[in-house]
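> using only what follows, build the 3D model:
(chains A and B)
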Amino acid sequence: MKLRFAWIFPALLLTGCLWAQNLNDKPFVIMAPVGNVQVRAGATKDVSLDFRIGSEFHINSHMPKSPLLIPTSLKLIVPASVIIADVKYPTGQDESFPFSPDEKLNVYSGDFSIDALVKVAAGTAAGTYPIKGELRFQACDHSACYPPRNLPVQFQVTVVK
Amino acid sequence: MAIMAMLAFGKYARQERKHGPIKLVGNVQGVRAPDFTLTSLDGSKVKLSDFRGKAVLLNFWATWCPPCKVEMPWFEELQKQYGKDGLVVLGVAMDDSEPASIAKFASEMGVNYPLLLGTDQVSDDYGDVQYLPTTFYIARDGTIVDKMTGLLERKDIEDAVRKTLNAGAHPVSGQQNQARAANKAAAMKALEAKEPGRDELSAEGNTDR
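As a prediction, this is how the structure comes out:
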């Protein structure tokens, strides 16, 4: 009898913890998991990082039309034997919104991908190397804007011989 | 009791932020607006309580916020139009930009009201301002009349300004409105009873608000 209701207390604790989160935190952008990235020592590989923007939002592209607008940018921290040789951002779409009917903004909406060219130094030992970083973006909906956010980005590179 | 304790923990933890407790939560109408001291673009310190007795339009905005820029010319117009009635517009810039950049932006926009440099503390105090623009309308007695988020129509903003001007220490109550209407009707009746061509309406009876 006692064991039957033992689950109630952890459930209520979890409920309290969930309520403790800021209910205003919206999932503006989420990242799809990155599959296994295998690279030979001395080689390069294009890694596609896939993101999805919430349907009611848009974010500035990497090249917004005004210097005042906060661009989407990816920063990655890599181990010593790995470098990010290039980061390719998608082209944004020019769109007008109710708050700027006469001025188009260059934005991302829906799904978009950023390609990171990973280069592994020759002679790198076989193994798994973590790549971590963050995607910085600033989102708006049809009538309001939200402060810039940083989305954690991480994947692993497996160096093979 | 355990259930209540756990739910209370959740509510408390939600209110505690890394910068301290949020002072404005939920329906803020009638709540006293948290006082603050912020730095203006010219380096002077500005306190909200400096404007007690005035109706304050407190606008949270940022240079990276396109909807915010739509409203600012309206605020400039309303400041000119209602400043003589006691309206004060204050802009709180929630920017990471340098003050010089904000000042340049303000100059190009023709902003005619004080712009203050926002802080995490004032954002927390005003309910963890996350949506920009967010505007609080504060009556002459320092209580909040309304809070609006997102870009609205100019008319909605002006309606809120007029409501705020009439609220607080010098509110126009329902009874006062009826008294004014009665006085006006009496004045009109008296005018009709006089010889044609004479116009002796008092300033009070001739004022539409």
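
> and residue 33, how many neighbours does it have?
With no chain named, the answer covers chain A. 7 (other Cβ atoms under 10 Å in any protein chain shown). For the C-beta atoms, the positions are set from N, CA and C on the backbone; glycine is no exception.

> meant chain B actually
Residue B:33 has 24 nearby residues by other Cβ under 10 Å.

> I figured it hits residue B:136, correct?
Yes. In terms of Cβ atoms under 8 Å, residue B:33 counts as a neighbour of residue B:136; the distance is 6.4 Å.

> so what sits against both of the two?
B:56, B:58, B:144 (Cβ atoms under 8 Å, 6 or more residues apart in numbering or on different chains).

> any idea how far the last one is from residue A:92?
It refers to residue B:144. Taking Cβ to Cβ, to the nearest Å as the measure, residue B:144 falls 39 Å from residue A:92.

> just the first one next, same as before
Look at residue B:56 and residue A:92: by Cβ to Cβ, they are 38 Å apart.

> related to what we said a few turns ago, neighbour-wise, give me the winner out of the shared contacts of residue B:33 and residue B:136.
residue B:56 (25 neighbours).

> confidence score at that residue?
In this model, residue B:56 is scored at 98, pLDDT.

> and for residue A:27?
Turning to residue A:27, the model gives it a pLDDT of 76.

> list the contacts for the closest residue to it other than its chain neighbours?
Excluding the flanking residues, the one nearest residue A:27 by Cβ to Cβ, 6 or more residues apart in numbering or on different chains is residue A:54, at 6.0 Å. Shown in contact with residue A:54 (Cβ under 8 Å, 6+ apart): A:26, A:27, A:28, A:29, A:139.

> which strand residues bridge the nearest residue to the third one once chain neighbours are set aside?
So the one you mean is residue A:28. Spatial nearest neighbour of residue A:28, excluding adjacent residues (Cβ to Cβ, 6+ apart): residue A:139 at 4.2 Å. Under DSSP bridges, the beta-bridge partners of residue A:139 are residue A:59.

> give me the below-cutoff pLDDT ranges for chain B.
Across chain B, the ranges flagged by pLDDT under 70 are B:2-23, B:168-209.

> how about the helices in it?
B:2-15, B:66-82, B:99-109, B:120-125, B:154-165, B:174-193 (DSSP state H).

> mark out where each domain of chain B begins and ends.
Using automatic domain parsing, the domain parsing of chain B gives B:15-165, B:176-209.

> adding distance to chain A, write those domains out as TSV.
Shown next, in TSV, are those (distance: least, Cβ to the nearest Cβ, whole Å):
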stretch	distance to chain A
domain B:15-165	4
domain B:176-209	31
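
> most packed of those domains?
domain B:15-165 (a mean of 18; mean count of other Cβ atoms under 10 Å in any protein chain shown).

> dump the residue contacts of residue A:103.
Contacts of residue A:103 by Cβ under 8 Å, 6+ apart are A:65, A:96, B:66.

> can I get those residues in a markdown table with distance to residue B:155?
As requested, the contacts of residue A:103 are exported to a markdown table (distance: Cβ to Cβ, whole Å):
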| residue | distance to residue B:155 |
| --- | --- |
| A:65 | 29 |
| A:96 | 22 |
| B:66 | 20 |
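
> closest to residue B:51 among those residues?
Residue B:51 lies nearest to residue B:66 out of the contacts of residue A:103, by Cβ to Cβ, at 28.3 Å.

> is it true that that closest one touches residue A:101?
No. Using Cβ under 8 Å as the test, residue B:66 is too far from residue A:101 to be in contact (10.9 Å).

> which residues in chain A form strands?
Counting by DSSP state E, chain A has strands at residues A:29-31, A:37-40, A:44-53, A:58-60, A:73-77, A:82-88, A:93-97, A:100-108, A:111-120, A:127-137, A:139-140, A:149-160.

> weakest of those by average pLDDT?
When those are ranked by mean pLDDT, strand A:100-108 comes last with a mean of 90.

> residues in contact with residue A:60?
The contact partners of residue A:60, by Cβ under 8 Å, 6+ apart, come to A:69, A:70, A:71, A:72, A:92, A:105, A:106, A:107, A:108, A:137, A:138.
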